[in-house]
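**Student:** Sequence first, then the predicted structure, then my questions.
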Amino acid sequence: MNVSRWIGPAVTVVALGGVGAAAFLTRDRWVPYAFPEKAAKPAGGHAHDEGGGHEGHDHGPAGDRVKLSAQAQKNLKLDVDVIAPEPYWRKLLIPGVVADRPGESDRGVAARFAGVVEKVHAKPGVAVAAGQPLFTMRVVSDVVLGWQRDLGAAGKELAIATADRDRTAKQVAEKVVAPVTLVEPENKLKRAVAQVDGLRRQLQAFGLTATEIKQIQDGIPVTEMVVYAPPADDDEPAPTTGKKAATVYEVQKLKVTLGEAVQAGQSLALLARHQKLFVEGQAFKSEALALAKLAEARTPVPAEFADEKPGDWPEQPPLVIEHLANEVDPATLTFAFYLPLDNVPRTFDRDGKTHFVWRYRPGQRVRLRVPVEKVGDAVLVLPAGAVVREGGEAFAFVQNGDLFVRKTVRVLYEDRTDVVLANDGSLPGGAFVVRNQAAALNRAVKAAAGGGGGGHEGHDH
């Protein structure tokens, strides 16, 4: 019997059987390409996911899924993340504006005496600390010059009275004269001291320093005086040292020019102190009660500032309403309410002077997202672009490897930025939920179900 004639066919049968078995076991991989209509609409069966998603195989209808290539996912710039239940408040959008704090943000500097501006030490836009020179002025005030002359004369009288009292006291101690003779020199000294103290206080009120006043008392008049940046009484102690931090102003505007003659009380400069500002919101009278309750409970209010790009500055924490105005504007029928705002600057030096670049500026527009009603304590909150609607249905998408599965969800609330979903198990716990491009993914699902291929890699031709 010739065995070799049977070996060839036997090998062929075994090989065909192996190929058939391999084809059957890997049918999920090649059927969608060979018979796309069957993959899209399986007859009574469920297609299994081959992606390596963390929640395993998804057994939902094949018409609610689409497979996207890595390139397609990059083109869509998908934002995928795990979401967790959280409380959510329905928010009312109220317009506002950044505003100065009256009595705190701006500070005027006025001349305390008549004089001529000899030097300008600080220019507009420059940062100055409390006690730093702003102007040097030549004194032309008859009142100030007269009190200087009076103090000089009173100083001489005080020196004479002091010497007379000391001489008499020595004589009393040596029993040369009777103790009663010391009464008159002491009374004369007391009168001289009182006169000098009064004149010193008068000149101190005009801004003269203790050193300058002592110089005048010694008989040397002061013809030039320096105007300094004023301190602020409301400075908060520094958190590290417990001492008051030095007040820093920005020269906002000069009101005088070099060589200009000014009168007592005339404005010299306007200093800005923009570390502390207000956000001034504008609400209708019908919203006053809700805002008052939020202020009483110190409920945080998120704020969105115009002309800011993400990443330019650190995230601004929510603000708290401090007080509500008691007047309604008859033109707009709105009233103002105020939220304290701490400002932060960037600084740079130019020609030895420090300049500020403030994050917030008076007049900057703000949108306040005022919470008015609690939607739920444990709901799912997604950006508005994470949900798409078709008729009465709403869908979100879950990623499982390179497969994206459409899930029917129940919307509790939505606005321009947020959509709030019921935590009813529609989105499995720990699932990777797509936070944007829901409309594009929905079109891809419909295209795949109709045989258009959706986001599949397709066949090379």
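**Tutor:** Perfect, I can see it now.
**Student:** Any figure for the gap between S267 and E260?
**Tutor:** Look at S267 and E260: by Cβ to Cβ, to the nearest Å, they are 12 Å apart. In short, each C-beta sits where N, CA and C put it, glycine included.
**Student:** for I213, same thing?
**Tutor:** For I213, the distance to E260 equals 26 Å [Cβ to Cβ].
**Student:** for the chain, longest strand please?
**Tutor:** Longest strand in the chain, counting residues (DSSP state E): strand 365-383.
**Student:** and that one, what does it pack onto?
**Tutor:** If you count contacts as 3 or more Cβ pairs under 8 Å, 6 or more residues apart in numbering; DSSP states H and E, strand 365-383 packs onto strand 86-100, strand 276-284, helix 288-297, strand 303-305, strand 411-414, strand 418-421.
**Student:** Neighbouring strands of the longest one in the sheet, and parallel or not?
**Tutor:** This means strand 86-100. If you go by DSSP bridges, strand 86-100 pairs up with strand 276-284 (antiparallel), strand 365-383 (antiparallel).
**Student:** one step back: need the helices and strands packed on strand 365-383 in CSV (columns: mean pLDDT, distance to F135 and mean neighbour count).
**Tutor:** Listed next are the helices and strands packed on strand 365-383 as CSV, based on pLDDT from 0 to 100; distance: least, Cβ to Cβ, whole Å; neighbours: other Cβ atoms under 10 Å:
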stretch, mean pLDDT, distance to F135, mean neighbour count
strand 86-100, 89, 24, 17
strand 276-284, 93, 26, 20
helix 288-297, 90, 43, 14
strand 303-305, 90, 36, 17
strand 411-414, 91, 59, 16
strand 418-421, 92, 54, 22
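**Student:** per-domain residue ranges of this protein.
**Tutor:** Under the assignment automatic domain parsing, the domains of the chain span 1-34, 37-88+376-449, 91-102+274-373, 106-270.
**Student:** List the single closest residue to L382 in space, sequence neighbours excluded.
**Tutor:** Using Cβ to Cβ, 6 or more residues apart in numbering and skipping the chain neighbours, the partner closest in space to L382 is V419 (5.3 Å).
**Student:** can I assume that neighbour is in contact with R410?
**Tutor:** No. Checked against Cβ atoms under 8 Å, the pair V419 and R410 is beyond contact range at 10.9 Å.
**Student:** what does stretch 154-169 contact?
**Tutor:** Residues from elsewhere that reach stretch 154-169, judged by Cβ atoms under 8 Å, 6 or more residues apart in numbering: 177, 181-182, 185-186, 188-189, 191-193, 195-196, 199, 216-219.
**Student:** how long is stretch 392-405 from one end to the other?
**Tutor:** From its first residue to its last, stretch 392-405 covers 19 Å (Cα to Cα, to the nearest Å).
**Student:** Give me the buried positions along that stretch.
**Tutor:** Buried residues in stretch 392-405, defined by neighbour count with 16 or more other Cβ atoms under 10 Å: 394-400, 402-405.
**Student:** Stretch 306-325 now?
**Tutor:** Residues of stretch 306-325 classed as buried: 316, 319, 321, 324-325 (neighbour count, 16+ other Cβ under 10 Å).
**Student:** mind listing which of those are in helices?
**Tutor:** Using DSSP state H, no member of those falls in helices.
**Student:** Could you identify the most distant pair in those residues?
**Tutor:** Across the buried residues of stretch 306-325, the longest distance by Cβ to Cβ is 23.1 Å; it joins Q316 and A325.
**Student:** circling back to that earlier point, columns distance to Q252 on top of the strands paired with strand 86-100, output as TSV?
**Tutor:** Shown next, in TSV, are those (distance: least, Cβ to Cβ, whole Å):
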stretch	distance to Q252
strand 276-284	14
strand 365-383	21
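**Student:** Can you give the distance from the strand or helix carrying T162 to the centre of its chain?
**Tutor:** Taking DSSP states H and E as the definition, T162 sits inside helix 142-173. Mean-position distance between helix 142-173 and its chain equals 60 Å (Cα atoms, centre = their mean, to the nearest Å).
**Student:** Following that helix in sequence, what is the next regular element?
**Tutor:** Per DSSP H and E, the first helix or strand lying C-terminal to helix 142-173 is helix 183-205.
**Student:** What distance do you get for G281 to L289?
**Tutor:** The gap separating G281 from L289 is 15 Å, by Cβ to Cβ.
**Student:** brain fart, A114
**Tutor:** Distance from A114 to L289, counting by Cβ to Cβ: 55 Å.
**Student:** try E186
**Tutor:** For E186, the distance to L289 equals 71 Å [Cβ to Cβ].
**Student:** One more: E322?
**Tutor:** Plainly put, E322 is 17 Å away from L289 if you go by Cβ to Cβ.
**Student:** before we move on, the earlier item: filter the contacts of stretch 154-169 down to the buried ones, ChimeraX style.
**Tutor:** Command for ChimeraX that selects the buried part of the contacts of stretch 154-169, burial taken from 16+ other Cβ under 10 Å:
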select :182,185,188,189,192,195,196,199,216,217
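**Student:** count of residues packed around N75?
**Tutor:** Using other Cβ atoms under 10 Å, N75 has 13 neighbouring residues.
**Student:** Report the secondary structure element holding it.
**Tutor:** Following DSSP H and E, one finds N75 within helix 70-76.
**Student:** what's the least confident helix or strand in this structure, going by average pLDDT?
**Tutor:** For the chain, counting by mean pLDDT, DSSP states H and E, helix 36-40 ranks last in confidence among helices and strands (a mean of 42).
**Student:** on that earlier part again, format the helices and strands packed on strand 365-383 as TSV; extra columns: distance to A159.
**Tutor:** Shown next, in TSV, are the helices and strands packed on strand 365-383 (distance: least, Cβ to Cβ, whole Å):
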stretch	distance to A159
strand 86-100	51
strand 276-284	49
helix 288-297	63
strand 303-305	64
strand 411-414	84
strand 418-421	80
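**Student:** who's in contact with L145?
**Tutor:** Counting by Cβ under 8 Å, 6+ apart, L145 has contacts 139, 221.
**Student:** now F305
**Tutor:** 98, 316, 360, 364-366.
**Student:** What residues of stretch 221-231 count as buried?
**Tutor:** Neighbour-count burial for stretch 221-231 flags 222, 225-230 (criterion: 16+ other Cβ under 10 Å).
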